[in-house]
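> need a 3D model of the sequence below.
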Amino acid sequence: MGWHEIVVQAAPGLAVFDTNAYSTSLTGGLTNALQSLPSTGPLDERAVHLTFAEGGAPAGAAVLAARAGTVVAEDQTGANGSRAFFTNVTRSPWIERETRSLVDAISGPTLDTRIAVFACWARCCLGSCMRCRPGTARPLSEPI
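Numbering: from 1, shown residues only. Sure, this is the predicted structure:
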């Protein structure tokens, strides 16, 4: 259930060929909104087959290609090393920058200090609000 999309990116010096996978994403790794659903409905890609070799693909091999209806506009690497491959979706630079910032903040291997402080602050505020609701007041000495 849901959107299952597999994108394959060849490492430098490797060739990917004879595959049923694509090198581009319809949603830019779920950072872009779709303009319309594919005619087959939501993608349900759960497995791919591929062959790879150092150097180039052999003669006659079907090389890894872009998904129909997408073009690679840019390859962006985020501050935490995450990569986004944006497709031909037109968005404002502000939306792209903020979306990339959010994706980097929540997908990194480490948690940014500002995010951690905000999460603790939000927890304290929500906890205080819950204690103030009628019928839920408990003595501060009572464990939660």
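> from now on I want contacts and neighbour counts done on CA atoms only, so please keep to that.
OK.
> what residue spans form the domains of the chain?
Taking automatic domain parsing as the domain assignment, the record places the domains of the chain at 14-107, 109-138.
> list the contacts for the residue lying closest to residue 6 once chain neighbours are set aside?
Nearest-residue entry for residue 6: residue 45, 6.1 Å, with adjacent residues in sequence omitted and distances by C-alpha to C-alpha, 6 or more residues apart in numbering. Contacts of residue 45 were listed using C-alpha atoms under 8 Å, 6 or more residues apart in numbering, and they are 4, 5, 6.
> can you pick the most crowded of those?
Neighbour counts for these (other C-alpha atoms under 10 Å) peak at residue 5, which has 19 neighbours.
> which parts of the protein are helices?
Taking DSSP state H as the test, the helices found in the chain are 93-107, 113-132.
> gap between the residue nearest to residue 6 and residue 27?
14 Å (C-alpha to C-alpha, to the nearest Å).
> wait, doesn't residue 70 sit right on residue 23?
No: between residue 70 and residue 23 no contact is recorded; they are 9.6 Å apart, counting by C-alpha atoms under 8 Å.
> so what pLDDT did residue 93 get?
Here, the pLDDT recorded for residue 93 equals 69.
> then residue 37?
Value for residue 37, per-residue pLDDT: 73.
> before we move on, what about the one 3 residues further on?
Per-residue confidence (pLDDT) for residue 40: 76.
> same check, this time on the one 10 residues further on
Among the per-residue scores, residue 50 shows a pLDDT of 92.
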